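Student: okay, structure incoming, though there's no sequence with it:
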């Protein structure tokens, strides 16, 4: 198995895990279980995101795609910043519930668009 396939497999796995972990945290908050913040679930997403970004950078080195040249990669990068901002607001327990719900929806939608861009590479 070549380097590209290994990095792509790890990247895809961590991307799916990112979605699942965000959804889990949102659901736990929605059902009044904010105690997850005192468990390993507080830091596991950070470790996962670190691996996700590291593999993304690795993929840029071993693949023909380039940020700011290939439009779909550039779009993914900007959506990533939006996802981070929205997910941060969604998981802040100091924010009001309607704001958090809207931010959670925006984070999940952005993740879905990133997923679409990664699979379809439309431009």
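Tutor: In hand now; what should we look at? Every value quoted in this text rests on a predicted model; they were computed, and no experiment measured them.
Student: what comes up buried for the helix or strand residue 74 falls within?
Tutor: Assigning secondary structure by DSSP states H and E places residue 74 in helix 71-91. For helix 71-91, a neighbour-count test (16 or more other CB atoms under 10 Å) marks 72-76, 79-80, 82-83, 86-87, 89-91 as buried. (C-beta placed from N, C-alpha, C; glycine too.)
Student: and for stretch 93-109?
Tutor: So stretch 93-109, judged by 16+ other CB under 10 Å, has buried residues 100, 103-104, 106-108.
Student: restricted to helices, list those residues.
Tutor: 100, 103-104, 106-108 (DSSP state H).
Student: list the contacts of the nearest residue to residue 65 once chain neighbours are set aside.
Tutor: Spatial nearest neighbour of residue 65, chain neighbours left out: residue 73 (5.1 Å); criterion: CB to CB, 6 or more residues apart in numbering. For residue 73, the contact set (CB atoms under 8 Å, 6 or more residues apart in numbering) comprises 60, 65-67.
Student: got these as CSV, with neighbour count and pLDDT columns?
Tutor: Shown next, in CSV, are the contacts of residue 73 (neighbours: other CB atoms under 10 Å; pLDDT from 0 to 100):
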residue, neighbour count, pLDDT
60, 14, 90
65, 13, 84
66, 10, 84
67, 11, 85
